[in-house]
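K.L.:
Just the structure for this:
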Amino acid sequence: MIHVRDLTVSYPGQTVLQAVSFDVAPGECLVVTGPSGCGKSTLARVLTGLIPQVIPAEIQGRVEVAGLDATHCPTAELAQQVGVIFQNPRTHLFHLRVSDEVAFGPYNLGLPPEEVKARVDWALEAVGLELLGDQNPASLSGGQMQRLAIAAALAMRPKVLVLDEPTASLDGSGTTSVINALAHLRREYGLTIVLIEHRLAEIRRLADRVLVLDEGRLVALGAFETILGDYDLLHRYGLRRPTEEALMAWPDLLIQNGKPPANAQPLLEFQHLSAGYNGQAAIHDVNISFYPGEFTALVGDNGTGKSTLALAAAGLIRPLSGRVLFNHGVRPRPGLDIALLFQNPADQLFTDSVDEEVAFGPRNYRCFDPSLHQQTLASADLLGLRERRPFSLSVGQQQRTALASCLALRPRLVILDEPTLGQDWRHLQQLMDFLVWLNHQGTAILLITHDYKLVYRYAQRVILMEAGRISLDGHNNLAAQKNFLTAAGAEVNHAAP
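P.N.:
Below you'll find the predicted structure:
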């Protein structure tokens, strides 16, 4: 179904893929993984014809997908055989209703209305969005947008589906829904799947083989269990060891506590806070305080209000009712007191180089320190990329650049909204360890994530949101996690550098 021979791809001044060759059989699921910036997303763009026909690049070698020459076949023709889901779901979405978004592709194939409706209903149910058909995609959470983009691709019933980190923003139930849908497509329609992922545990039961890239070269290719059972390889390329443990619900992993630190004054307080968009509340009557030096995880399913709470904390949306108080009512200085890393790093990158991006905040506040600047770049593994334009980087590298720009001012509170996008385990651990170092210096951390391993390893306090409200304020329930700890320990001890 897919035949790649001696594929080399170069952008001006940079070779991204070098002499890559592999085959994918019909109905097979090939997982492509490797460190951030190794060429995974470039490979996806070649397989879907975007390189070189839409995105200029010099390409050598042969790429055949579903019997078509992907480097010369018109993209409109190739799109009928190959579906693609990118890391940032917003790039897919342009309709005003969820159901219209999913129906767009089938209607353009000239299918009758009853067939289009059947496909829309099936695709939305497959990703757990069947109740949101009339909503505006812009009102969805990041994880819900990701599921919508997947549904739109599924509705086309392509022969090949290329997915670039489809589970990165999904909660446990959303991940399960997507994996179940993909498994069903393989069984019923013989769909061939190329899946670019860092989170390997979730896709274990779907994967047949794994292809590992590093610095644009193919460094390993083989059966899933064989490749991911090689601890030396995992350590060398910063990959997570997948586990066989089933995902657990957050209430089973947490235990109520809710006691503030002794003799501590709140750094940030929410008092009966309701906030949302267009006059509609997404979070309701939230009462909670964050304290200096805390490392807190905010967890919950997609669409429960986590990102809304983060935007309210950073002062980027106004409360509908209630109050947000920083340091007993002091007006926070943007970036210097509270810094927020968005889900989509492209939303906060705007300079001409990585070096300028990370230095912008300190220079704007006239507190630039060359030694601290160097330390921040090193902590995010950006020293070798400091002269690159941010939008020429991979999404994972963009995420590290955006986070480094947040940390450059050493803010009193850092809020990270899903920082795992595009990150291999080595880079993610490196960033998290730097956050721990800042935390030990007194910086408060609020981590919004679906990643169980990060919560277990780093969070001192865990807050659970359900339906826009705080339902639990506590910490890890170690008794309930006995089986899970074995899985987390295996990943950390064997795979982390």
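K.L.:
Could you pull out the buried residues of whichever helix or strand R186 is part of?
P.N.:
Per DSSP states H and E: R186 is located in helix 172-189. For helix 172-189, a neighbour-count test (16 or more other C-beta atoms under 10 Å) marks 172, 174-179, 181-182, 185-186 as buried. Backbone N, C-alpha and C define where each C-beta goes, glycine included.
K.L.:
What is the subsequent helix or strand relative to it?
P.N.:
Following helix 172-189 in sequence order, the next helix or strand is strand 192-196 (DSSP H and E).
K.L.:
ok, the closest residue to P292 other than its chain neighbours - contacts?
P.N.:
Computed as C-beta to C-beta, 6 or more residues apart in numbering, the closest residue to P292 that is not its neighbour in sequence is L267, at 4.9 Å. By C-beta atoms under 8 Å, 6 or more residues apart in numbering, the contact list for L267 reads 290-292, 326-327, 412-413, 444.
K.L.:
was I right about G322 contacting H284?
P.N.:
No - if you go by C-beta atoms under 8 Å, G322 and H284 don't touch, sitting 9.6 Å apart.
K.L.:
Common neighbours of the two, please.
P.N.:
S274.
K.L.:
pretty sure A314 is touching I415, no?
P.N.:
Yes - taking contacts as C-beta under 8 Å, A314 lies within contact range of I415: 6.3 Å.
K.L.:
Count residues in the vicinity of Y365, would you?
P.N.:
Neighbourhood size, Y365 [other C-beta atoms under 10 Å]: 14.
K.L.:
Am I right that it is in contact with D337?
P.N.:
No - contact criterion C-beta under 8 Å: Y365 and D337 do not qualify, at 11.1 Å.
K.L.:
overlap in contacts of A314 and I415?
P.N.:
By C-beta under 8 Å, 6+ apart, the residues touching both A314 and I415 are 338-340.
K.L.:
Among those, which one lies nearest to P419?
P.N.:
Sorting the shared contacts of A314 and I415 by distance to P419 puts L340 at the head of the list, at 11.1 Å, by C-beta to C-beta.
K.L.:
Model confidence for A479, exactly?
P.N.:
We have a pLDDT of 55 for A479.
K.L.:
Repeat that for R119.
P.N.:
93.
K.L.:
rewinding a little: A314 and I415 - which one has more neighbours?
P.N.:
Taking neighbours as other C-beta under 10 Å, A314 and I415 compare with I415 leading, 26 against 21.
K.L.:
Could you say which helix or strand holds the more buried one?
P.N.:
If you go by DSSP H and E, I415 is part of strand 413-417.
K.L.:
Packing partners of the helix or strand just after that strand?
P.N.:
Per DSSP H and E, the first helix or strand lying C-terminal to strand 413-417 is helix 425-440. The contact analysis (3 or more C-beta pairs under 8 Å, 6 or more residues apart in numbering; DSSP states H and E) places helix 425-440 against strand 295-299, helix 370-379, helix 395-407, strand 413-417, strand 444-448, helix 452-458.
K.L.:
circling back: show me the contact partners of the helix holding R186.
P.N.:
27, 29, 123, 126-128, 143-144, 146-147, 150, 154, 157, 161, 166-167, 170, 191, 193, 202-203, 205-206, 247-249, 301-302, 450.
K.L.:
What about those, which are in helices?
P.N.:
Counting by DSSP state H, the contacts of helix 172-189 place 123, 126, 143-144, 146-147, 150, 154 in helices.
K.L.:
Could you identify which of these has the most neighbours?
P.N.:
Using other C-beta under 10 Å as the neighbour test, the ones in helices among the contacts of helix 172-189 are led by R147, with 32 neighbours.
K.L.:
where in the stretch 351-497 of the chain is pLDDT low?
P.N.:
The stretch 351-497 of the chain contains residues with pLDDT under 70 at 422, 478-497.
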